[in-house]
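Asker: just a sequence and a predicted model for now, questions to come.
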Amino acid sequence: MNCDFYVFSSHKVFGPTGIGVLYGKEELLDAMPPYQGGGDMISRVTFERTTYNELPFKFEAGTPHIAGGICLGKAFEFLESIDLKAAEEHERALAKYAEDLLDTFEGLKIIGEAKNKTSVVSFSVKGIHPFDIGTLLDKQGIAVRTGHHCTQPLMDFFKIPGTVRASFAFYNTKQEIDTFVEALEKSLNMLK
Amino acid sequence: MSEIKQREEELVSEFELFESWMEKYEYIIELGKELPLLAENEKSDDLLIEGCQSRVWLKTSGNASTIKFQADADAIITKGIIALLIRLVDNIDPKELVEYNFGVVQAIGLQEHLSPTRSNGLIGMIKRLKNEALKYCLS
């Protein structure tokens, strides 16, 4: 990828919450001053000068999130043990399957149709608030996210209060999408 | 028995008739549809209740002995829930409302809406109703 920095949260790769990853090119990280002081980030202190520790310790002040780090390592081991290409293909097929089914609903609009988007399907239904759909799906055991997803300007652009978003992972099945679509149909019937 | 408690008992016995979550929510949706609406020009930002994913406007009127509420929301379930609350506390002595603990939420099985992750603002609605009542008590 050859990027200068790369950042992500551990929970995006099935790891625990409260920890994340910051990758940076060594020369850039070396050139940067520490942003926080604390244990282990200092190599030597005298009245004349303070020498900071080497990478990565320079940026890891205080007691690190040890348990989180161990669990995140396990999450990576798990991800490396599976066929990621097959997982991606499966996820893509699930999103396509869901989108084809959702397309048959009257007044439903899929928001976000980028060619290489990840396996998420965000949609709005004309005249129905996403929160209402989310509440009724939840009552049927379907977990979706509703709201503006921290992108209010985008929602203003589409002139909608928010969307309902279903996200699929490689452990999901077509059968689960059928269940979701049935539950959605039931919810919309209740709200009309 | 206080007026609110009496209304609470009526509501609880009404909810006991529902046999499934669907019946309960269909009823809440109906209540939302029946709630008297606020005109578009009345929906000012100062009437908005904080902490709701959907937008809820609450308008209050009255005096030190009676308080009245009118509300609107852009999501129908939220509107139904605020309609339920208003049914309990509309046209009531504000002192009674200040002292009321909203035990009705548990009693009719809507406590899941109190979870912060639901962010439908039920807590915000209750706080606002009580604050408004307090203002009228002090007026």
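Answerer: Received it, and whenever you're ready, just let me know what you need. These numbers were taken from a predicted model, which means no experiment stands behind them.
Asker: just the pLDDT at the nearest residue in space to B:Val89 that is not next to it in sequence, thanks.
Answerer: Nearest-residue entry for B:Val89: B:Leu97, 5.0 Å, with adjacent residues in sequence omitted and distances by C-beta to C-beta, 6 or more residues apart in numbering or on different chains. The C-beta positions use only the backbone N, C-alpha and C, and glycine is treated the same way. For B:Leu97, the model assigns a pLDDT of 95.
Asker: which residues sit in contact with B:Ala75?
Answerer: Applying C-beta atoms under 8 Å, 6 or more residues apart in numbering or on different chains, we find B:Ala75 in contact with A:129, A:131-132, A:161, B:53-54, B:120.
Asker: swap in 6 Å and give it another go.
Answerer: With contacts defined as C-beta atoms under 6 Å, 6 or more residues apart in numbering or on different chains, B:Ala75 is in contact with A:129, A:131-132, B:54.
Asker: those residues: which two are farthest apart?
Answerer: Greatest spacing in those, by C-beta to C-beta: A:Asp132 and B:Ser54 (8.0 Å).
Asker: for those two, work out which one has more neighbours and name it.
Answerer: For A:Asp132 versus B:Ser54, neighbours defined as other C-beta atoms under 10 Å in any protein chain shown are more numerous around A:Asp132 (28 against 24).
Asker: return the distance of that one relative to B:Ile123.
Answerer: In this structure, A:Asp132 lies at 19 Å from B:Ile123, with C-beta to C-beta, to the nearest Å as the measure.
Asker: not counting its neighbours along the chain, what's nearest the residue of chain A found nearest chain B?
Answerer: Among residues of chain A, the one nearest chain B by C-beta to the nearest C-beta turns out to be A:His129. It sits 3.6 Å away. What sits nearest to A:His129 in space, not counting adjacent residues and going by C-beta to C-beta, 6+ apart, is B:Ala75, at 3.6 Å.
Asker: now do the one you found, the pLDDT please.
Answerer: Reported pLDDT at B:Ala75 in the predicted model: 90.
Asker: and the nearest residue to B:Trp21 once chain neighbours are set aside, how many neighbours?
Answerer: Leaving aside its chain neighbours, B:Trp21 sits nearest to A:Lys139 (4.9 Å; criterion: C-beta to C-beta, 6+ apart). In terms of burial, A:Lys139 registers 18 neighbours under the definition other C-beta under 10 Å.
Asker: and A:Lys139, how far from A:Arg145?
Answerer: 16 Å.
Asker: again, but for A:Phe105
Answerer: Taken as C-beta to C-beta, the spacing of A:Phe105 relative to A:Arg145 amounts to 19 Å.
Asker: who in chain A is up against chain B?
Answerer: On the criterion C-beta under 6 Å from any C-beta of the partner chain, chain B has as its neighbours in chain A the residues A:129, A:131-132, A:135, A:139, A:147, A:190.
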